[in-house]
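>>> Next comes the sequence, and after it the predicted model I'd like to discuss.
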There are 2 protein chains.
Amino acid sequence: MKKQLRRSNCPINFGLEAFGDTWSLLIIRDIVYFGKKTYGDFLRSDERIATNILANRLAQLERHGILVKTPHPIDRRKEVYTLTEKGIDLIPILVEMANWGAKYDPDTGAPQEWIALVNSDKENMIRLIQDTVREGGSVFVGPNSVIDRLAQRE
Amino acid sequence: MKKQLRRSNCPINFGLEAFGDTWSLLIIRDIVYFGKKTYGDFLRSDERIATNILANRLAQLERHGILVKTPHPIDRRKEVYTLTEKGIDLIPILVEMANWGAKYDPDTGAPQEWIALVNSDKENMIRLIQDTVREGGSVFVGPNSVIDRLAQRE
DNA sequence: GTAATAACTTGCAAAATGCAAGCTAAACCG
DNA sequence: CGGTTTAGCTTGCATTTTGCAAGTTATTAC
C-alpha cells in the first residue's frame, strides 16, 4: 500500500486523491441513489466491480472518512457501509455528474423527469437527498425514498 | 489503446468513463481556473503530470468531445486546447469538487473568500464562470478573468 | 449436520502509470 | 544564416494497478 504524498494543495486535487478513479463514486452512487449498504450489494451492481477492487476501495473510502463500516445488527455475516457527513457532502458532485451524463449520453438510462425535477429546484432537492440519506434512505429505493417523500407531499 | 465497452448506462458511470481518473479534471481545472491552454502550460502545473500521460489524456478528452485542439494563430509550434460546450458543462462539477476539497482539506490552498463568494450565489456564479471561459477567459488569471469582472462591477 | 451465503484474500496475467530520454519542427538570437 | 531553445510529442522500460478466477473463514438457512 502506497499513496500519501499530496500532489498539491488544490482542493480539486484533494478530491481526486480521495475518490478520483473509475469505481469509488459508483459505490457512493449505490448508497445514495439505490440504498445499497453491503459488500454484496455493491458487487451486484451493473458495472461488475471485481471483488478485490471493491474491498480495496471500501477500505480506502473508510480511511478517507467518507464512509464507515458497522456490523449488521442481526445478520453477523454482514457489514453495513454508511456515509459520513463528509460522504454526504459528495452528493452535490454526484448530482452534477448525473446531470452531465444525462445530458451528453445519447443512450443514458437516467430518468429525464428526475433530472428535470432536480434542476427545477436544485438547492432544495440536494438538501432533501442529503437529509434522506442521513436518515438511512435513498433517492429511488426503499421506504422513505426521496421519490416517495415527494409523492407524499401532494 | 482499449476502452470502448460501456459498463452500464448510468449517467454517473458515463462521466467516470470519460474523465474518471486522477488527471483529466486537473487539465480542465487548469483551463477554467488558470487560463492555461497549451501542452507546456499543463505540464508546468503543481501536480507534475508525466509527458506521456498528458498527451494520452489530452487525446482522450478530445475524443470525448470535451476539448478541441487548434493551431496557435501566431506561434506555429503551439497547439491551443479549448473547452467545447460539453467541457464547459463540467464546470458545475469542478465547482462542487472545489467546495468539497476546500471544506475537508485542513491544508487547502483554496481562497476561502472565493469559495464563500461562489456559494453565496452559486447559480449565477457558475453562469458567470461559464460565460467567461466561453469567451476565452478564466476564473483567476488573465484580463477579463472572473475576479476582474467582479471587481469592475462595483 | 450439510449446504449456502457474506465478506474478503490470494495468485497471476494484462494493462496503466511514471520516469527518463529521444525526436521533429518551428522560433529565437547573434 | 546557423546554432540554440522551445514546443509538442513518442518510445523504452521498470513499477504499480487492474481484473479475473479461485480460494478461505465465519455465519446463517434448511
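The structure has been received and is ready for your questions.
>>> In chain A, where is pLDDT below threshold?
In the prediction, chain A carries residues with pLDDT under 70 at positions A:1-4.
>>> For DNA strand D, what's the nearest residue on it?
Distances from chain A to DNA strand D, computed as CB to the nearest atom of the strand, single out A:R76 as the nearest residue at 3.1 Å. Using the backbone N, CA and C atoms, a C-beta is placed for each residue, glycine as well.
>>> Tell me how far that residue lies from A:T70.
From A:R76 over to A:T70 the distance is 12 Å, taken as CB to CB, to the nearest Å.
>>> What of A:V95?
The gap separating A:V95 from A:T70 is 26 Å, by CB to CB.
>>> More neighbours: which of these two?
Neighbours around A:V95 and A:T70, counted as other CB atoms under 10 Å in any protein chain shown, are more numerous at A:V95. The numbers are 23 against 11.
>>> Does at least one residue of the helix or strand harbouring that one sit close to chain B?
Secondary structure from DSSP states H and E places A:V95 in helix A:91-104. Yes: judged by CB under 8 Å from any CB of the partner chain, helix A:91-104 comes into contact with chain B at A:92-94, A:96-104.
>>> Where do the helices of chain A begin and end?
A:11-19, A:24-34, A:39-43, A:51-63, A:85-88, A:91-104, A:112-120, A:122-134, A:146-152 (DSSP state H).
>>> Can you redo the ones you listed as CSV, where the extra columns are distance to B:V141?
Listed next are those as CSV, based on distance: least, CB to CB, whole Å:
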stretch, distance to B:V141
helix A:11-19, 16
helix A:24-34, 29
helix A:39-43, 41
helix A:51-63, 33
helix A:85-88, 30
helix A:91-104, 24
helix A:112-120, 30
helix A:122-134, 29
helix A:146-152, 40
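>>> which one of those helices lies closest to B:Y39?
Minimum separation from B:Y39 across the helices of chain A (CB to CB) falls at helix A:11-19, 19.4 Å.
>>> ok, A:G65 - how many residues close by?
When counting by other CB under 10 Å, one arrives at 13 neighbours for A:G65.
>>> and what of A:V68?
Residues lying near A:V68 (other CB under 10 Å) number 13.
>>> same question, A:E154
A:E154 has 4 neighbours, counted by other CB under 10 Å.
>>> Contact partners for A:K78?
Applying CB atoms under 8 Å, 6 or more residues apart in numbering or on different chains, we find A:K78 in contact with A:38-40, A:71-72.
>>> same deal with A:G101?
Counted by CB under 8 Å, 6+ apart, A:G101 has contacts A:108, A:110, B:10-15.
>>> Wondering if stretch A:26-40 reaches DNA strand D at all.
No: contact between stretch A:26-40 and DNA strand D, assessed by CB under 7 Å from any atom of the strand, is absent, since the two come no nearer than 10.7 Å.
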